[in-house]
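Peer 1: Sequence and predicted structure are below.
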Amino acid sequence: MRERKLLSTPADIGEDAMWKLLPRLFTLLLPLLATPLHAAEDTVKATFINTDGRAIGTVDLRQIESGVLVSARASRLPSGRHGFHFHETGHCDPQTGFRSAGGHYAPRDNAHGLDVADGPHAGDMPNQTVDERGTLRVDLLNSRVSLAGAEAPLLDDDGSALVVHAGHDDYRSQPSGDAGNRIACAAIVQTR
């Protein structure tokens, strides 16, 4: 009985065929070469604090091909609808009412609002509802930001912040949707 070869060697394929296979091999390997080597660039964890400086919840951000998945949980918040935005600076100082987080994250200088022609800001997201027990649960995709990519990076030199506002965003009023005071903040910064 004759032995059967399952794999070909370069000698079996021939030099011309090998040169034809190289572009295909490169095409297959290119996505692996472009993938960040540090998991820290793919996921970020942060802590929500309230205006008293107490930890009230967590935020997990995960980079995927189409944007950033936002998973947030917080407690001890007033029930109802609340504005929910990324802000431009990763500094959550309760002494300033979280004004330290700056304005809404708008690296492309768009207008504010999901319901305006020249909007929204990259950091604008839909209102979120806190239940009657004071619990906020959020799972959404923001396709206008990235964690550390070239387009709207949340982890730029000064980071960013995720802010919960006292009222709901009307999706139109400038510069921030008339959502009221900032009642919770999570600093989104590099930890390395």
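Peer 2: Arrived safely. Owing to the predicted nature of the structure, the values given are computational and were not obtained by experimental measurement. Numbering: from 1, shown residues only.
Peer 1: chain center to stretch 124-143, what's the gap?
Peer 2: 14 Å (Cα atoms, centre = their mean, to the nearest Å).
Peer 1: oh sorry, the question was meant for stretch 97-109
Peer 2: 15 Å.
Peer 1: What distance separates the opening and closing residues of it?
Peer 2: 24 Å (Cα to Cα, to the nearest Å).
Peer 1: Same question for it: list its buried residues.
Peer 2: 98, 100, 101, 102, 104, 105, 106, 107 (16 or more other Cβ atoms under 10 Å). All C-beta atoms are positioned from the backbone trio N, CA, C, and that covers glycine.
Peer 1: With stretch 116-126 instead?
Peer 2: 116, 119, 120, 121, 122, 123, 124, 125.
Peer 1: what sits against the fourth one?
Peer 2: Pointing back at residue 121 there. 85, 104, 105, 106, 110, 111, 112, 113 (Cβ atoms under 8 Å, 6 or more residues apart in numbering).
Peer 1: From residue 58, how far out is it?
Peer 2: Distance from residue 121 to residue 58, counting by Cβ to Cβ, to the nearest Å: 24 Å.
Peer 1: Likewise for the first one?
Peer 2: Distance, residue 116 to residue 58, by Cβ to Cβ: 31 Å.
Peer 1: looking at the protein, which helix or strand is least sure?
Peer 2: Sorted by mean pLDDT, DSSP states H and E, the helices and strands of the chain end with helix 15-34, the least confident at a mean of 51.
Peer 1: packing partners for the biggest strand by length in the chain?
Peer 2: When the chain is parsed with DSSP state E, its longest strand is strand 55-64. Here strand 55-64 touches strand 43-50, strand 67-74, strand 182-188, going by 3 or more Cβ pairs under 8 Å, 6 or more residues apart in numbering; DSSP states H and E.
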